[in-house]
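Participant: turn this into a structure:
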Amino acid sequence: FFADLTPPTECEGEFERDCEAHFLRCLTNLRLIPDDRVFPAGFWVPWAISRTSVCPELQIRRVPDHRGRDLGYETNTPLADLAPGLKKLRPTEFGINREATWQRAEQAEGLFGDLLPVEIVNGHASLAAGTGMAGQAVHLMGMDNFYMNMLDQPDNVHAFFTFLADDAERYATWQEAEGLLTPNGRELDCGSGSCVYSDELPRRAIAPGEQVLLSDTWGFIEAQEAVGLSPQMYAEFIHPYQRRVGDRYGLINYGCCEPVHHFWPTLKQFRNLRKVTVSPWCDVASIAASAGRSVVLSRKPHPMKLCGPTFDPADFAATIRESLDLTQGNFVELIFRDTVPLNGAMQERLVEACGIIRGLIGE
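Facilitator: The predicted structure is shown next:
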């Protein structure tokens, strides 16, 4: 709902407008949402990295909502018939436009470099080198076909994920070799609404000009599309390929909307799991007891408790108290995701909700 809180941008240039939007987001959060989000004391310019699709035949048709935002979509599922479809896969091609990146950094320096330090970083490209394998399966096959293929064509499904894992590893290795990785254990996003702010990475002193490795950084791994799989099928068809990339990171954040409690016996095999999402569809008591203090539980309360047609402070407090009671022996963070647009007095709700949470944590 940031669009409902944030003043419109006024700059005309595309780069200037992007800068303005970033600052407006920081200021809006600071002034209107009294949470614990940490924003950087500088301005970061991401490397201009490009990457092609693994299937040139994939087409995505998007449908705007009533506000013009492209949220809904459908694909042409070019791998619906997986057996002949595998030959449609192509290793991705990736590249770096250093000149464009340097130009953006110079523009930022000229605009406000005297007020904020400007730094080139690697954000989403390194974080998500291995993210979204199950999502690609759904885009390319369709959800029903993906699930049926695991039953009817298990060898082809393994071949599909082997291809994706090989490609993801190649992409990650290329970023290392090109010197594009930057330590990200700071105020950067680590996927699914969480922040990687941490003093644990990198675990070594990195001299100026020394190559940064994936093991110096955070990664984000998830499989929302595994929501309907048994723990055994997740362990067989998806997790081994996630491990190929995930274990190369220094730390990883796992999960998004999928309930992870029944995958925990497999998930804990990640070499460096540090955060795990506890979505509204997750059994909080189960994951809290299983994970203990080995990971941070990124608890996401049901969004409609905050953004429903009416706001019931007592019901909201009861929901938060239940989560906190169940996670008393854990490290936990609370993240509100998938919220709907704001209307009426809902802006005031955010202040009240943060106050309720702070009070309960204080107890």
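
Participant: what about the strands in the protein?
Facilitator: Here the chain has its strands, by DSSP state E, at 43-46, 49-51, 60-64, 70-75, 94-96, 118-121, 218-221, 251-254, 273-278, 296-299, 331-334.

Participant: where exactly do the helices run in the stretch 151-300 of the chain?
Facilitator: 154-177, 231-237, 239-246, 264-267, 284-291 (DSSP state H, counting those that start in this stretch).

Participant: mind putting those in a markdown table, distance to M346, mean neighbour count and mean pLDDT included?
Facilitator: C-beta here means a position set from N, CA and C on the backbone, and glycine is covered the same way. Formatted as a markdown table, the helices of the stretch 151-300 of the chain follow (distance: least, C-beta to C-beta, whole Å; neighbours: other C-beta atoms under 10 Å; pLDDT from 0 to 100):
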| stretch | distance to M346 | mean neighbour count | mean pLDDT |
| --- | --- | --- | --- |
| helix 154-177 | 40 | 18 | 98 |
| helix 231-237 | 37 | 17 | 97 |
| helix 239-246 | 37 | 21 | 97 |
| helix 264-267 | 35 | 18 | 96 |
| helix 284-291 | 26 | 19 | 96 |
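
Participant: got CSV for those, with distance to L82 too?
Facilitator: Output for these, formatted as CSV (distance: least, C-beta to C-beta, whole Å):
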stretch, distance to L82
helix 154-177, 5
helix 231-237, 13
helix 239-246, 16
helix 264-267, 24
helix 284-291, 33
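
Participant: among the ones you listed, which is nearest A100?
Facilitator: helix 154-177 (16.8 Å; C-beta to C-beta).

Participant: would you quantify the distance from the spatially most central residue of the chain to Q328?
Facilitator: Central residue of the chain (C-alpha atoms, centre = their mean): G191, 2.0 Å from the mean position. For G191, the distance to Q328 (C-beta to C-beta, to the nearest Å) stands at 26 Å.

Participant: same question, T9
Facilitator: 43 Å.

Participant: who has more neighbours, those two?
Facilitator: It is T9, of T9 and Q328, that has more neighbours when counted by other C-beta atoms under 10 Å, with 14 against 8.

Participant: mind checking pLDDT for that one?
Facilitator: pLDDT recorded at T9 is 94.

Participant: picking up where we left off before, does the residue nearest to the centre of the chain touch G130 like I think?
Facilitator: No. Using C-beta atoms under 8 Å as the test, G191 is too far from G130 to be in contact (11.3 Å).

Participant: end to end, how far does stretch 55-69 reach?
Facilitator: Counting by C-alpha to C-alpha, to the nearest Å, you get 25 Å between the two ends of stretch 55-69.

Participant: what's in contact with it?
Facilitator: 3, 70-76, 78-79, 88-90, 139-140, 341 (C-beta atoms under 8 Å, 6 or more residues apart in numbering).

Participant: with that, I have no additional questions.
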